[in-house]
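>>> What follows is a protein structure lacking sequence information:
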């Protein structure tokens, strides 16, 4: 009982210092509310094979991941917009126009490509956190290894194209 009573001040101090999940959620809400609304995004031309740059996601996937180098753009607030092409081993293609916000490690889906090489706007086009998991590993790789490595915001589409062709950013030990 004495030990438990002696730990009360320590437990109380930790409760005051460590953020609670409720506090973290409130901070996220405040951040979302303060974010300025994004202007209407112009969809790029559909990707052409000669502009596709492959990038590595993981040794455990058989899919091929490519970025349309012609679609790359970087806004003043560090948002990288790009067209992503994913090709399965069977040849099926998924094409999407997306964005990654370097500062907050979030992603956004603007549109999906159709087989007739036109775009359809995404139903859910909200910013969502990038999570390191098997299903969305390509977003985590783009954020951490290609677009926003170790807190560095790449400033131009040319820098990003070079980083993609190099296989990652030099600050990560990539050639």
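Noted; the coordinates are in hand. Computed from a predicted structure; not experimentally measured.

>>> which regions of this structure lie under the pLDDT threshold?
Low-confidence segments of the chain (pLDDT under 70): 1-39, 134-135, 151-154, 171, 173-175.

>>> Counting by contacts, list what the longest strand seen in it packs against.
Counting residues, the longest strand found in the chain (DSSP state E) is strand 64-74. Judged by 3 or more C-beta pairs under 8 Å, 6 or more residues apart in numbering; DSSP states H and E, strand 64-74 is in contact with strand 52-55, strand 79-87, helix 157-166. To be clear about C-beta, it is placed using only N, CA and C from the backbone, and glycine gets the same treatment.

>>> Just name the most buried of the ones you listed.
By mean neighbour count, with neighbours taken as mean count of other C-beta atoms under 10 Å, strand 79-87 ranks first of the helices and strands packed on strand 64-74 at a mean of 21.

>>> chain center to the helix or strand that comes right after it, what's the gap?
Note on strand 79-87: by DSSP states H and E, the next helix or strand toward the C-terminus is strand 93-101. Offset of strand 93-101 from its chain centre (C-alpha atoms, centre = their mean, to the nearest Å): 10 Å.

>>> partners of strand 93-101, with directions?
Applying DSSP bridges, strand 93-101 is found paired with strand 79-87 (antiparallel), strand 106-113 (antiparallel).

>>> To residue 141, which of the helices and strands packed on strand 64-74 lies closest?
Nearest of these to residue 141, taken as C-beta to C-beta: strand 52-55 at 7.0 Å.

>>> So what touches the closest one?
For strand 52-55, the surrounding residues in contact (C-beta atoms under 8 Å, 6 or more residues apart in numbering) are 64-69, 85, 141-142, 146, 161, 164-165, 167.

>>> and of the residues you listed, the nearest to residue 42?
Comparing these against residue 42 with C-beta to C-beta picks out residue 68 as the nearest, at 14.4 Å.

>>> wait, isn't the closest one in contact with residue 44?
Yes. With contact defined as C-beta atoms under 8 Å, residue 68 counts as touching residue 44 (7.3 Å).

>>> Comparing these two, which residue is more hemmed in?
residue 68 (21 against 18; other C-beta atoms under 10 Å).

>>> quick one on the thing from earlier: any chance of the helices and strands packed on strand 64-74 in CSV, with distance to residue 130 too?
Listed next are the helices and strands packed on strand 64-74 as CSV, based on distance: least, C-beta to C-beta, whole Å:
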stretch, distance to residue 130
strand 52-55, 15
strand 79-87, 12
helix 157-166, 17
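
>>> that older thread, kindly reformat the contacts of strand 52-55 as a markdown table containing distance to residue 99.
As requested, the contacts of strand 52-55 are exported to a markdown table (distance: C-beta to C-beta, whole Å):
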| residue | distance to residue 99 |
| --- | --- |
| 64 | 21 |
| 65 | 16 |
| 66 | 17 |
| 67 | 12 |
| 68 | 13 |
| 69 | 16 |
| 85 | 16 |
| 141 | 16 |
| 142 | 10 |
| 146 | 14 |
| 161 | 17 |
| 164 | 16 |
| 165 | 21 |
| 167 | 22 |
